[in-house]
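S.K.: make a model of this:
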Amino acid sequence: MSIKKRLWLFLLIFLTAMIAVYDNTLNFLTADWLATTEENIMCRWIINRLGVDMFITIKAVSTIIVISLMIELVYTKWWIVIPFIFAFQFALFFYLTCYDKMFWCGDMFSPLVWVIDFFVNSA
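M.R.: Below is the predicted model:
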């Protein structure tokens, strides 16, 4: 595989990781009401059993493991799954950023602004 193709895959992996961090940061910022607003059934089960703090920890550790595995996939014949994982994460990013229970993109990008403000003000 060419260097150019590997660099492209590493860019997709980096963007996938950034979206996962964005998602988990939103979990942290909305921790007070996450138990009632989480839409993923498995995530809701974890939150109800172990609490929001443990849920955020599990997601962070899982992200590290998955990103590490994706880096390893670059050097195998299974590299082809990386763009699909990124596509799923990109759809998740769009959903988290633009979806409101009432309508799509009503207060567009407000979750993105929350995350940026969090990191800017934490520095």
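S.K.: can you pull the poorly scored residue ranges out of this protein?
M.R.: Applying pLDDT under 70 to the chain flags residues 99-109, 123.
S.K.: can we see that at 50?
M.R.: Confidence mapping of the chain against pLDDT under 50 gives the ranges 102-104.
S.K.: tell me the centre residue of it?
M.R.: Central residue of the chain (Cα atoms, centre = their mean): Ala20, 2.2 Å from the mean position.
S.K.: can you pull out the helices in this protein?
M.R.: Using DSSP state H, the helices of the chain run over 3-29, 31-37, 41-50, 52-73, 81-98, 110-122.
S.K.: show me what counts as buried in stretch 31-46.
M.R.: Neighbour counts using 16 or more other Cβ atoms under 10 Å place 34, 38, 44, 46 of stretch 31-46 among the buried residues. The way it works is simple: take the backbone N, C-alpha and C, and place the C-beta from them, glycine included.
S.K.: do stretch 12-26 as well
M.R.: Residues of stretch 12-26 classed as buried: 12-13, 16-17, 19-26 (neighbour count, 16+ other Cβ under 10 Å).
S.K.: how about those residues in a markdown table, adding distance to Lys4?
M.R.: Putting the buried residues of stretch 12-26 into a markdown table (distance: Cβ to Cβ, whole Å) gives the following:
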| residue | distance to Lys4 |
| --- | --- |
| Leu12 | 13 |
| Ile13 | 15 |
| Thr16 | 19 |
| Ala17 | 21 |
| Ile19 | 23 |
| Ala20 | 25 |
| Val21 | 26 |
| Tyr22 | 27 |
| Asp23 | 29 |
| Asn24 | 31 |
| Thr25 | 32 |
| Leu26 | 33 |
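S.K.: can you tell me how far Leu15 is from Glu38?
M.R.: Leu15 sits 24 Å away from Glu38, going by Cβ to Cβ, to the nearest Å.
S.K.: same question, Ile47
M.R.: In terms of Cβ to Cβ, Ile47 sits 6 Å off from Glu38.
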